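*Asks:* just coords:
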């Protein structure tokens, strides 16, 4: 599957069907620090993604004081 | 995973609350949380006009969206900081949101061409970190805009993660005066100040990002280019690691501080009585306020640079 990290714009290729939670963990990302987006839908940790998917991991951490 | 309210398929999992929601129930949960924060802390009423400081980011736009939906009388305030393409993109997002929602947006621009007070050039001239100058400019212009517009209250999009990181920083350095006033409502300490409130103080940035996404709010995903290496991000990373192991830690840290810790710091030394700045008339502990001192320093340094060139 194609995985895009935002806002860095990094593109990764990950092979194999797996749960979202496992995908996020395997990339060294802490749960709750990214939204996992497929198309226009959010995914929870227990859902499966596979090779045909295009996934966006969008960081939610902001660095300044609003 | 099923929604805890209606048992439909959940699309959002909130570890810190040990729950999950479908889209309509999450929107309800998010807005109800804000409403409860406003009521619990007596932030403002439906009869008061609220100026919402918006940056074009997820937190402030999500807050403005929710307040408008909850029936509050709001206007937005966007402060253009002059940080190149980042500021241009932020202003576009804020303008587009206001137009889409039919809400009034006030814009104050630190115009580089007019007065040379955009944040990057101020930071360069004074050799200060950009975030330091930015904070001084934001406080000054937010206060002035609220006062000029006759708003009794200014709301900002500071979220639970911001508050937890700030609390950790204040505890790390035992900043007693700062700990004494770290609260979601700051009452005005001068007639020319307005009440400042943080309705998202119990809302995580994951929740505000999720709300913005689900509501179709087009926000700036990129972060300010000056935020790289900011201390606040180090604290946030530490807190996120703690949260990962012990969900709910950030909420407990901030919530328990406010209920049990804050009263212990209430006796910390107060800041001096505020007078008014001789130059701009805004409240100031000294003859000249921090903003006017900074502006004067920019002028002085630029004159020195010209003299030496």
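*Replies:* Nice, thanks for sending it over. Treat the numbers as computed from the prediction; the structure is a model and nothing was measured.
*Asks:* what parts of the stretch 151-300 of chain B come near chain A?
*Replies:* Contact residues, the stretch 151-300 of chain B versus chain A (CB under 8 Å from any CB of the partner chain): B:156-158, B:161-162, B:204-206, B:208-210, B:213-214, B:221-224, B:226-228, B:230, B:232-233, B:236, B:240-241, B:243-244, B:247. Where C-beta positions appear, they are placed from N, C-alpha and C, glycine not excepted.
*Asks:* quick one: low-confidence parts of chain A?
*Replies:* Applying pLDDT under 70 to chain A flags residues A:63-66.
*Asks:* nearest residue to the middle of it?
*Replies:* In chain A, the residue lying closest to the centroid (CA atoms, centre = their mean) is residue A:57, at 3.1 Å.
*Asks:* so that residue sits in a helix?
*Replies:* No. Under DSSP: H, G, I helix; E, B strand; the rest coil, residue A:57 falls outside any helix and is assigned strand.
*Asks:* quick one: the residue lying closest to it once chain neighbours are set aside from residue A:52, how far?
*Replies:* Distances taken as CB to CB, 6 or more residues apart in numbering or on different chains put residue A:34 closest to residue A:57, at 4.5 Å, once the chain neighbours are dropped. Distance of residue A:34 to residue A:52, given as CB to CB, to the nearest Å: 21 Å.
*Asks:* and the two? Which one has more around it.
*Replies:* residue A:34 (20 against 8; other CB atoms under 10 Å in any protein chain shown).
*Asks:* quick one: secondary structure of residue B:26?
*Replies:* helix.
*Asks:* and it, how many residues sit next to it?
*Replies:* Count around residue B:26 with other CB under 10 Å applied: 23.
*Asks:* so it makes contact with residue B:213?
*Replies:* No. Taking contacts as CB atoms under 8 Å, residue B:26 lies outside contact range of residue B:213: 10.4 Å.
*Asks:* and the strands in the stretch 151-300 of chain B?
*Replies:* B:153-155, B:185-186, B:195-197, B:275-276, B:283-284 (DSSP state E, counting those that start in this stretch).
*Asks:* CSV for those strands, including mean neighbour count and mean pLDDT?
*Replies:* Formatted as CSV, those follow (neighbours: other CB atoms under 10 Å in any protein chain shown; pLDDT from 0 to 100):
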stretch, mean neighbour count, mean pLDDT
strand B:153-155, 24, 98
strand B:185-186, 16, 96
strand B:195-197, 22, 97
strand B:275-276, 14, 94
strand B:283-284, 20, 94
